Structures are given as C-alpha cells and as structure tokens.
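*Asks:* A predicted structure for the sequence below; I have some questions about it.
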Amino acid sequence: MTTSTLTPEAISYVCTTVRQRSAIELDISKTYLIEARLAPVAKQNGFASIDELIQAVKAKRKLGLESQLVEAMTTNETSFFRDLHPFEALRKTLLPEIRTKNAARKSLNIWSAACSTGQEIYSVAMHLREHFPELASWKVQLVGTDLSDEVLAKAKAAKFSQIEVNRGLPAALLVKNFQRQGMLWELRPEIRNMATFTKLNLIERWPVLPCMDIVFLRNVLIYFAPETKRMILENIRKVMAPRGVLFLGAAETTMGLDAAFERIQSDNSVFYRLK
Ligand SMILES: C[S@@+](CC[C@H](N)C(=O)[O-])C[C@H]1O[C@@H](n2cnc3c(N)ncnc32)[C@H](O)[C@@H]1O
C-alpha cells in the first residue's frame, strides 16, 4: 500500500478550492485521485512535487495555475452516441415532435451543458444530418459549454484519435463525416460548423443562451451536492422552451430535486420534460 505524500491540510485546500470553483465534491477518500491528477500538472509547471504546486497556487504565484488545478480534477470521460438511448429518443420521438411544434419559426436549439471534448453535441449534429436533412434549412443552434478551457479547445478543433472514434461511432458515420489527418480523424467542416462552443461554469453567471428545446446535462450532476444540483436545475429551467426536454446521465435524476420536471420513459430512454 502506498501512503500519501500530501498533508491533510494540502488535501483539504485542494478539496475546498475545487468545490468553490467548480462545485465538484472531493474529500480525503479521493486522495489517490488528487495525487494522480495533480502530479502531471506539477511536472508540466516545473514543480518538484504536488505540495510545491499547491503552495504556488495558494501564493497565486502563476496566473492560471488555480484553474489548471481545478480543471485537472474534472472527469472528462465522454464518447460519441454515449448510451445510445437518448439519440434513439431524439430520432423516434423528440425531433419529429419539435419539427411539427417549431414549423412556423423553423428553429431548433440544443445545448450540451458540460460537453467535455464535444462528442455529445457532434453526435447530435451527425444525427440531424443523417435523419432530418429537411432541417438543414432551419436555424439550428447546437451549443456546447464546459468549465474547462482545455476540453473546449479540443472540442473546437474537432480532431479525434482512433480510440476516440472507435468508441460509439458507427463506421458508416466515421467514413461519411470525418477525414483522416495523420494519426487523427478530423470532423468535416459541414458538421463541425453546426456546433459552437462557449465557456460556461454551471455555478457561475451564465452567458446569454438561446431558448433551448433540448438540454443534455449528462454525467456532471453526479459530482455535485444536492443543493448545487437544485440550483443548476432551476437555472436550466429558465433557459428551456415550454415543454422542453432534459437528458441526464444514467445515474442522475431530477426526482427529489426539482418537481417542475416529469420523468418520461419512452422505449428504453428516460428523459425529463418541463411540466
Ligand atoms: C464526465 S464529463 C460529461 C461529458 C458529456 N456530457 C457526457 O455525458 O459524455 C463532465 C464534464 O463536466 C465538466 N464540468 C465539471 N464541473 C463543471 C461546472 N461547474 N460547470 C461546467 N462544467 C463542469 C467537466 O469539465 C467535464 O468536461
């Protein structure tokens, strides 16, 4: 068994900073994770140890260092067409419904809040192109937001490794929508340009957003305390269209947090609709 080189005070400082800046809940039981995530940040910034890194963050010795520490503690796990069911619900039920509901104004807005490296919103873009080509004449806004500058830069670049495209992306969609660039697969501009990416910290002031027909808020609430989840769900409601739809991750729910949403089970999919 390895023992931690970090003092309880240093761990507590990291937990408090990460909670204040991102709402992500960490505690001493996550010491191994803190060490594994912060060791590369210390090295990249020329510190001999994580402890030195923490001292430098405390003393505000380097601009952006605190953000690097916070971002290192986020989990950016994502994949194309993750869980599949939400995309089936979009194709079978939700997009046909919105196509009728929004026919007069010809607009559709979808938000991937906590979008990580972009696979979620790009999956939506490919899905729209594949199954709803008639919406190409609509004003479609696909917005990806995240707290982390690093993942947003990768999302905007829209270049993915072989491993990343192997996870969830059907071969036919890979061939159709990506071009090979050295070791990477680059999304073709016609799909890439359908999405825009903006920095948005869910617990800070939000930039102005269009009124959203569908919101993906998947696999991020799990990291937050109940009162933070409540506050975020309430704010999400304010930017949603009447009867708008919210997708959460498989381990997440609005139940017991926000009574304004009703849980809908449709085939294998679960989504939450504003009452
Ligand atoms: C596990 S990923 C989820 C990606 C995608 N939604 C999915 O389900 O595949 C969680 C993302 O939440 C972001 N995140 C964590 N705290 C956040 C906050 N306070 N505001 C905005 N994004 C946050 C992280 O940077 C990370 O990219």
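*Replies:* That came through, no problem.
*Asks:* tell me the contacts of Asn235?
*Replies:* Leu202, Trp206 (C-beta atoms under 8 Å, 6 or more residues apart in numbering). Yep, even glycine has a C-beta here, placed from its N, CA and C like the rest.
*Asks:* Can I take it that it is in a helix?
*Replies:* Yes - counting by DSSP: H, G, I helix; E, B strand; the rest coil, Asn235 is part of a helix.
*Asks:* ok, so what distance separates it from Arg19?
*Replies:* As defined by C-beta to C-beta, to the nearest Å, Asn235 lies at a distance of 18 Å from Arg19.
*Asks:* Same check on Gly249?
*Replies:* Taking C-beta to C-beta, one finds Gly249 at 20 Å from Arg19.
*Asks:* got a list of what Ile236 touches?
*Replies:* Ala113, Val215, Leu217, Leu246.
*Asks:* can you pull the pLDDT of the first one?
*Replies:* Ala113 is assigned a pLDDT of 98 by the prediction.
*Asks:* isn't it right up against Val220?
*Replies:* Yes - Ala113 is within contact range of Val220, at 7.3 Å (criterion: C-beta atoms under 8 Å).
*Asks:* Spit out the residues that contact these two alike.
*Replies:* Shared contacts of Ala113 and Val220, counting by C-beta under 8 Å, 6+ apart, come down to Leu202.
*Asks:* and the closest residue to Ala10 other than its chain neighbours, how many neighbours?
*Replies:* Nearest non-adjacent residue to Ala10, counting by C-beta to C-beta, 6 or more residues apart in numbering: Ile54, 5.0 Å away. Using other C-beta atoms under 10 Å, Ile54 is surrounded by 24 other residues.
*Asks:* Find the helix or strand that Ile54 is a member of.
*Replies:* helix 50-58 (DSSP states H and E).
*Asks:* That helix - what's its average pLDDT?
*Replies:* Mean predicted lDDT for helix 50-58 stands at 96.
*Asks:* now what about the following helix or strand past it, what contacts it?
*Replies:* Using DSSP H and E, the helix or strand that follows helix 50-58 in sequence is helix 65-72. Applying C-beta under 8 Å, 6+ apart, the contact partners of helix 65-72 are 14, 17-18, 21-22, 37-38, 40-41, 45, 53-54, 56-57, 60, 147-150.
*Asks:* filter those residues by proximity to the ligand?
*Replies:* Ser22, Leu147, Ser148 (C-beta under 6 Å from any ligand atom).
*Asks:* What are the neighbouring residues in contact with the last one?
*Replies:* When you say that, I think you mean Ser148. Contacts of Ser148 by C-beta under 8 Å, 6+ apart are Glu71, Thr74, Asn76, Ser116.
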